[in-house]
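Visitor: give me a model of this one.
(chains A and B)
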Amino acid sequence: MFEFQLEKTDGAARAGTLTLPHGTVRTPAFMPVGTHGAVRGLSMEEVRRTGAQIVLGNTYHLHLRPGEEVVRALGGLQRFTTWNGPMLTDSGGFQVFSLAELRQITEEGVTFKSPIDGSQRMITPERAMEIQAALGADIAMAFDHVVPGQSDHAHALEGMERTLRWLERCRDHHVRLMEASATAPQRLSAQTLWPIIQGGTHDDLRLRSLEGILEQGPWTGIAIGGLSVGEPKPVMHRVLETLQPVLPADRPRYLMGVGFPEDLIEAIARGVDLFDCVAATRNGRHGSAWTASGKVNIRRADLRLSDAPLDADCDCETCRGYARGYLRHLFVVEEMLGLRLVSIHNVHFLVRLGDMARAHILAGDYASWSREWLQRYHGKDL
RNA sequence: GGUGGGGUGGCCGAGUGGCUAAAGGCAGCAGACUGUAAAUCUGCCGGGCUCAGCCCUACGUAGGUUCGAAUCCUACCCCCACCA
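Guide: Numbering: from 1, shown residues only, chains lettered A, B, ... in the order given. Model (predicted):
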């Protein structure tokens, strides 16, 4: 039920198929982020039409609202959201990083001051597993401790070791929950747990993190966390290169929170199979669109009379039907359709990028194709 | 015709003698965003230059008082309200 078949490698790049209870995912693949159980601005029907194969949800946010028991009562996240396909929930570990001012870390877990009503919420590794079990996604993520990209060795070590200790608790509790769930009346489908490599920008810590993870058991997939959190791109590339040869080849690798189109291209070249990132939808809402020839700010004045689609090479709903001049107009008048249309395009753009990469890995020409792709992308901004 | 209120940068709107090229907002222009506290945030926004500075032009119009005026005085023009 949690199988990964590696179909082809091309250099370090890989094409595979991940089989999950709710469907299969052909990799490399971009996973749109649906924090609150919705990919911001899009209907699940629209998400499907972008070609997305798997969608994320977030433990922290869904725990606060509507509460995991509500989701469980309504049939689990897949049914609740009408996505009905493969899903993955993030553990709330990223909020340890992004809500740094509102939380306190102890060995037991993390206390968050809810930005919604100010109430104190404790998330422990065990709680993160319980919440995710109730949400019922195919893949649950371990509760980790993300440190900023510029963290020194000592701080990165602290986060990495804590993540490792928490992983053990996550794993033990997850096993218990799955056993209990097998006989429970409100049984949701099986769920797998993925560990997360931490260690900041320090290669030795990254390797120790992976080593510790592999000691704790066989996993159906492994995630790389704590990247693109403020460190320079070449540093991220170096960390991926360090991990690539020692990661188990027969397991999918998920680079968390990445990324921009160029990041996908570079990370795929370094052996990554799965991605997620909020940039597609956030930038979409902010009027920034990705195209084959670079980034376009759709509010730009010189697009006023443009009759061209956002991206001439794109076959998404937005590009098939709408001109840049009209999209610009929608942003200028703050019509919400504009936010949605550019978000749809951006999500489709990354999904399609994954598809194209896969095709070229299968064809064995990923290196030359990606070089040309990057050249065109960085060439000029219009 | 009378009485009262008011005319400030593209728009709205602070400002009653120097610290005012003039608060703030809007509009406009440009940019940022990476496991979503984000349909958000940042910068520019009278003109010109040999630009951390300098020079023009500016607070209805014209004149005056003053070392110095968007701010005080006089006249005129226009707008609003009420009364005839």
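
Visitor: which residue is nearest the centroid of chain A?
Guide: Residue closest to the mean C-alpha point of chain A, counted by Cα atoms, centre = their mean, is residue A:276 at 2.1 Å.

Visitor: who's that one bridged to?
Guide: In this entry, residue A:276 is beta-bridged to residue A:31, by DSSP bridges.

Visitor: hang on, it packs against residue A:259?
Guide: No. The pair residue A:276 / residue A:259 is not scored as a contact, 9.1 Å apart, by Cβ atoms under 8 Å. All C-beta spots, glycine's among them, are computed from the backbone N, C-alpha and C.

Visitor: show me how far the helix or strand hosting residue A:359 is from its chain's centre.
Guide: Per DSSP states H and E: residue A:359 is located in helix A:336-363. Computed by Cα atoms, centre = their mean, to the nearest Å, the chain-centroid distance of helix A:336-363 equals 14 Å.

Visitor: again, but for stretch A:56-70
Guide: 17 Å.

Visitor: what about it, start to end distance?
Guide: Start and end residues of stretch A:56-70 are separated by 18 Å (Cα to Cα, to the nearest Å).

Visitor: ok, it near RNA strand B or not?
Guide: Yes. Stretch A:56-70 lies within reach of RNA strand B by Cβ under 7 Å from any atom of the strand, at A:56, A:58, A:61.

Visitor: the last one belongs to a helix?
Guide: Yes. Under DSSP: H, G, I helix; E, B strand; the rest coil, residue A:61 sits within a helix.

Visitor: let me know how buried it is, in neighbour terms.
Guide: Neighbour count for residue A:61, taken as other Cβ atoms under 10 Å: 17.

Visitor: same check on the second one?
Guide: The burial count assigned to residue A:58 is 23, neighbours taken as other Cβ under 10 Å.

Visitor: beta-bridge partners for it, please?
Guide: residue A:90.

Visitor: contact partners for it?
Guide: Residue A:58 makes contact with A:33, A:35-36, A:89-90, A:92, according to Cβ atoms under 8 Å, 6 or more residues apart in numbering.

Visitor: which of the residues you listed count as buried?
Guide: Buried members of the contacts of residue A:58, counted by 16 or more other Cβ atoms under 10 Å: A:33, A:35, A:89-90, A:92.

Visitor: relative to residue A:376, which of these is nearest.
Guide: residue A:33 (26.6 Å; Cβ to Cβ).

Visitor: my guess is that closest one contacts residue A:279. True?
Guide: No. Counting by Cβ under 8 Å, residue A:33 stays clear of residue A:279, with 9.2 Å between them.

Visitor: who in the stretch 201-350 of chain A is up against RNA strand B?
Guide: A:223, A:225-226, A:228-229, A:233, A:256-260, A:263, A:276-279, A:281-283, A:285-288, A:295, A:297, A:299-302, A:332, A:334, A:336, A:339.

Visitor: identify the residues contacting stretch A:314-323?
Guide: Residues contacting stretch A:314-323 (Cβ under 8 Å, 6+ apart): A:46, A:49-50, A:291-292, A:306-312, A:327, A:341-342, A:344-345, A:348-349, A:352.

Visitor: re earlier: for the helix holding residue A:359, which positions count as buried?
Guide: Residues of helix A:336-363 classed as buried: A:338-358, A:360-361 (neighbour count, 16+ other Cβ under 10 Å).

Visitor: which parts of the stretch 251-382 of chain A are strands?
Guide: A:253-255, A:274-277, A:288-291, A:294-297 (DSSP state E, counting those that start in this stretch).

Visitor: ranking those strands by mean neighbour count, which comes first?
Guide: strand A:253-255 (a mean of 27; mean count of other Cβ atoms under 10 Å).
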